[in-house]
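In: I would like to see how this sequence folds:
(2 chains)
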There are 2 protein chains.
Amino acid sequence: LLKLYELAGAEDDRLFSPFCWRIRLALAHKGLVAETIPWRFTEKDRIAPTGQGRVPVLVDGDRWIADSWVIAEYLEAQYPDRPSLFGGASGHALSRLYNEFVTEAVQFPILWMIIRDIWSHLHPRDQAYFRNSREQRLGMSLEEAVADRDLRVKTYRRSLDPLRRVVEAQRFFGGDAPLYADYILFGAFMTARAMSPFSLLEADDPIASWRERMLDLYQGLARNARLCS
Amino acid sequence: LLKLYELAGAEDDRLFSPFCWRIRLALAHKGLVAETIPWRFTEKDRIAPTGQGRVPVLVDGDRWIADSWVIAEYLEAQYPDRPSLFGGASGHALSRLYNEFVTEAVQFPILWMIIRDIWSHLHPRDQAYFRNSREQRLGMSLEEAVADRDLRVKTYRRSLDPLRRVVEAQRFFGGDAPLYADYILFGAFMTARAMSPFSLLEADDPIASWRERMLDLYQGLARNARLCS
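Out: Modelled structure (predicted):
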């Protein structure tokens, strides 16, 4: 049985890590079932066998695997007869830029705009750690970090133009059906969905339509997850 | 015989369009030979059969095909037994983001930093048209557009981090061998090579190493092209 350590918020089923969501969807894509083990930022000792302090962590028998990209490659290699996450060797190579570009240029700005909301939906035991570490990293308070988000989101939406034109031309980044590249981008929107009421996209945005298609996948796996209330 | 209308500068063999370079490399990738027809901005009548005014334009018998992405798809469909430009259906779908993202977020900033140099290496008959149209688009003179490029290039180099991490991990964006995704990015560097002495990358940049590998392809097709003198 596979086990997946996943970052949880105030409630055990408020799963909000963009990287964990990439793997949740990747497992569903492969038709694999993993037991979710809710995990908090301050429980680094529980994933000590990986030699690092972040989730997702996949446990497969006596193997502990960390880092979402490495886990995706592991699943692809271990389960070659299941639907491919990359669509072949070329697709695997081409997906790496999605991993780098989306994490830095798409996901980080989202997290920055909702970081105060994330804090407010964390488990109490994580709140002080999160505030201290993030305020140090950003060089400002969480409240300052989101103060101008109504302005910033407009610039942000324009910055998504290249992504927008892709999903105007095709249903998914992977083509007619989703690939791991889609899950990379989708993870960031799931963090927002779980933790913040802030509206990242306009309703008529083609990226919002793509997001709806992603929410429908695998019997609504993502749509049925715990929302920001 | 295939013919390719390509943008030329002062000399007929100073080929400098990033979009045309994408197709020059794509043709070589497919092992196809096309006759280059040098073309200038002010010769829109010569490509009138395409109903638009930009190159590259590929002429295959009585078919005239415009738009580099459409041409790449045409070559892939017409020559399926030659080496694939996309690496299959998934690679084709995944390559579309490269087309959109590189053109807007990587190529445009390069052109903006060297736009005055481009002007100075144009054929005289194109210079007034180019200056007028670009100054209108940018809302400033070509000289103003490049005035702070020594500062801007530092921000620019940092913005390439996601691309950099990919070519630190693998030889080409397509993996062990280049795909059309590589040609998309490389085209912008060929514009700079043909038209400007300005240094876009530091010598020890992994992207510069990738660029060297690209210059080596196809018996130095790109390396042997006319340089900025």
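
In: which positions in chain A make contact with chain B?
Out: A:84, A:86-98, A:100-101, A:103-105, A:161-163, A:165-166, A:169-170, A:172-176, A:179, A:181 (Cβ under 8 Å from any Cβ of the partner chain). For the C-beta atoms, the positions are set from N, CA and C on the backbone; glycine is no exception.

In: among the residues you listed, which lie within helices?
Out: A:89-98, A:100-101, A:161-163, A:165-166, A:169, A:181 (DSSP state H).

In: those, buried ones only, as a PyMOL selection?
Out: To isolate the buried ones among those in PyMOL, judged by 16 or more other Cβ atoms under 10 Å in any protein chain shown, type:
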select buried, chain A and resi 90+91+92+93+94+95+96+97+98+100+101+162+163+165+166+181
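
In: skip the chain neighbours and tell me the closest residue to residue A:2.
Out: Excluding its sequence neighbours, the residue lying closest to residue A:2 (Cβ to Cβ, 6 or more residues apart in numbering or on different chains) is residue A:34, at 3.8 Å.

In: isn't that neighbour up against residue A:27?
Out: Yes: counting by Cβ atoms under 8 Å, residue A:34 touches residue A:27, with 5.3 Å between them.

In: mutual contacts of these two, please.
Out: Shared contacts of residue A:34 and residue A:27, defined by Cβ atoms under 8 Å, 6 or more residues apart in numbering or on different chains, comprise A:2, A:4.

In: who's more crowded, these two?
Out: Set residue A:34 next to residue A:27 and count neighbours by other Cβ atoms under 10 Å in any protein chain shown: residue A:27 wins out with 23 against 20.

In: hmm, who's touching the helix or strand where that one lies?
Out: Assigned by DSSP states H and E, residue A:27 falls within helix A:18-29. Applying Cβ under 8 Å, 6+ apart, the contact partners of helix A:18-29 are A:2, A:4, A:6-7, A:15, A:33-34, A:54-56, A:58, A:68, A:71-72, A:75, A:82-83, A:85, A:107, A:111, A:178, A:180, A:182-184, A:186-188, A:190-191, A:214, A:217-218, A:221-222.

In: next one: that helix to chain centre, how far?
Out: Using Cα atoms, centre = their mean, to the nearest Å, the mean C-alpha position of helix A:18-29 is found 8 Å from that of the whole chain.

In: next SSE downstream of that helix?
Out: Using DSSP H and E, the next helix or strand after helix A:18-29 towards the C-terminus is strand A:34-39.

In: pLDDT of that next one, averaged?
Out: Averaged across strand A:34-39, pLDDT comes to 98.

In: buried residues of it, list them for me.
Out: By neighbour count on 16+ other Cβ under 10 Å, the buried set for strand A:34-39 is A:34, A:37, A:38, A:39.

In: what angle separates it from helix A:18-29?
Out: Per axes from the mean of the first three to the mean of the last three Cα atoms, to 10 degrees, the angle that strand A:34-39 makes with helix A:18-29 is 170 degrees.

In: ok, strand A:34-39: who's next to it in the sheet?
Out: Sheet partners assigned to strand A:34-39 using DSSP bridges are listed as strand A:2-7 (parallel).

In: in the strand it pairs with, which residues are buried?
Out: The neighbour-count check on strand A:2-7 (16+ other Cβ under 10 Å) flags A:4, A:5, A:6, A:7 as buried.

In: quick one, strands of chain A?
Out: With DSSP state E applied, chain A shows strands at A:2-7, A:34-39, A:57-60, A:63-66, listed in chain order.

In: now tabulate those in TSV and tack on distance to residue B:197.
Out: Below are the strands of chain A laid out as TSV (distance: least, Cβ to Cβ, whole Å):
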stretch	distance to residue B:197
strand A:2-7	50
strand A:34-39	54
strand A:57-60	50
strand A:63-66	46
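
In: report how many residues lie close to residue A:123.
Out: With other Cβ under 10 Å as criterion, residue A:123 counts 18.

In: equivalent analysis for residue A:41, please.
Out: Neighbour tally, residue A:41, other Cβ under 10 Å: 19.

In: check residue A:23 too.
Out: 27.

In: distance of residue A:206 from residue B:91?
Out: 22 Å (Cβ to Cβ, to the nearest Å).

In: cool, and residue A:155?
Out: Note on residue A:155: its distance to residue B:91, by Cβ to Cβ, is 32 Å.
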